[in-house]
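Student: Next input, structure requested:
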Amino acid sequence: MIAFLLMLAAVIGAAELWSLRRGLEGVEYDQRVSKAIAEPDEPLQLITVITNRRRRILPFIRLNENVPDALVISGDLRVEDIRGHRNALRSTAYMMPRQRLTRRTDFTVPCRGRFLFLGAKLEGGDFLGLSTTERHYDLLRELVVLPRPAEADLVRRLMGGWMGDLSVNRFIMEDPVLTLGYRDYTGREPMKQIAWTQTARLGRMMVRCQDYTVERTVTVMLNTHTFAFGSYGNQMLEAAFSLCRGVCEALEEQRIPYAFISNARCCGAPDGFGEVGDGLGQAHLMTVLEGLGRADYTHRDTEEALLDRALSRATLGRGHILITPVRNDLHPELLARLRAATGEDPLCLTGEEASPCP
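Tutor: Next comes the predicted model:
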């Protein structure tokens, strides 16, 4: 009997020693978000995958996932604050040999921004449950939440008269200066459209094919170099981001091609926004919106440098929309230079006009 007990104790001791040395060996961890780009308050899932590659039971695993504090978690998982703007999502698991465990955690994010998921710390219990070993799994997964769009009625009111001036004469009459080519005379065209030079050269009546009024293009400029500061400045910047989204969506709705430039500094993009060339369509719009989602509350250059970039591509007749947090950010002398280069008054919109707070 004593020999049996000694043997049992030796086996248990060996198992305990083995579990202490190889507690989490063969355990793999991965994490991802169901979408990389999302709208505010859109239902999302945090997908956690733990894999046990070994032929042994893991009776206890404590999972501490490093997640942003902006997450609104659904369910009964514990969320604890660990340090500035970070939370620990805590849970436990039991794993059989060669098992893969997938857990889906429902959550939403109510605010705009770039949010990082930085992996987890796993703690595994020993054979006797007397102590734990831990292992860190460093990951970098990101989620970009877009700004909320400004109300459509507000955008229409702010852009109403300017948009009407921009759209007038588009495709209403032919421009006699813009000739696309020539075609045979059918007898229905007015005499002024007959191309006499082409008629003499070809020996038959030819008329000019003329283009319609040149399609207007717009440059949307977002300025984040502002006189507003502190929490009020951040609030006005958020309002400017939302207003910028509303303006771009309004241009998309009117099928007016637009370019986008900004001096915002974007998280995850070392060069900031850069420039988005003229274009239309969902892919073009999403490029702009993703930049707005990544933007922080700082700037990479001044408003004057932003206007200089706009001037470098300004042409006669090109419209410009400047969006900035507060009215004090506007510099009349800079806008006058833009007006002289294009022959048109730029439209200036501020976050103060779009913010619900006074």
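
Student: Backbone dihedrals for Ile323, please?
Tutor: The phi/psi pair for Ile323 (degrees, to the nearest 10) reads phi -120, psi 130.

Student: check contacts around it.
Tutor: Val220, Met221, Leu222, Asn223, Ala240, Leu243, Cys244, Val247, Leu349, Thr350, Gly351 (C-beta atoms under 8 Å, 6 or more residues apart in numbering). (Glycine included, C-beta is placed from N, CA and C.)

Student: If we use 7 Å, what do you get?
Tutor: Met221, Leu222, Asn223, Ala240, Leu243, Cys244, Val247, Leu349 (C-beta atoms under 7 Å, 6 or more residues apart in numbering).

Student: Next, give me the two most distant ones among those.
Tutor: Using C-beta to C-beta, these span at most 13.3 Å, a distance reached by Asn223 and Val247.

Student: These two: who's more crowded?
Tutor: The neighbour comparison of Asn223 against Val247 (other C-beta atoms under 10 Å) goes to Val247, with 27 against 24.

Student: Show me what counts as buried in the strand or helix carrying the more buried one.
Tutor: Assessed by DSSP states H and E, Val247 sits inside helix 230-253. Across helix 230-253, burial judged by 16 or more other C-beta atoms under 10 Å covers 233, 235-252.

Student: and what of stretch 97-116?
Tutor: Of the residues in stretch 97-116, those buried (16+ other C-beta under 10 Å) are Leu101, Arg103, Thr105, Phe107, Thr108, Val109, Arg112, Gly113, Arg114, Phe115, Leu116.

Student: those helices in the stretch 51-200 of the chain, which residues are they?
Tutor: 152-167, 196-202 (DSSP state H, counting those that start in this stretch).

Student: Could you say which of those helices is packed most deeply?
Tutor: helix 152-167 (a mean of 15; mean count of other C-beta atoms under 10 Å).

Student: Check the model's average confidence along that helix for me.
Tutor: Taken as a whole, helix 152-167 has an average pLDDT of 74.

Student: Also stretch 218-229?
Tutor: For stretch 218-229, the mean confidence score works out to 90.

Student: and for it, what are the contacting residues?
Tutor: Defining contact as C-beta under 7 Å, 6+ apart, one finds that stretch 218-229 is touched by 233, 236-237, 240, 244, 247-248, 251, 256, 258-264, 295, 299, 302-303, 306, 310, 318-326, 328-329.

Student: list the buried ones in that stretch?
Tutor: For stretch 218-229, using 16+ other C-beta under 10 Å, the buried residues are Val218, Thr219, Val220, Met221, Leu222, Asn223, Thr224, His225, Thr226, Ala228.

Student: Out of those, the closest to Tyr137 would be?
Tutor: Distances from Tyr137 to the buried residues of stretch 218-229, taken by C-beta to C-beta, are shortest for Thr224, at 35.7 Å.

Student: The closest one: helix or strand, and which one exactly?
Tutor: Applying DSSP H and E, one finds Thr224 in no helix or strand.

Student: Perfect, that will be all.
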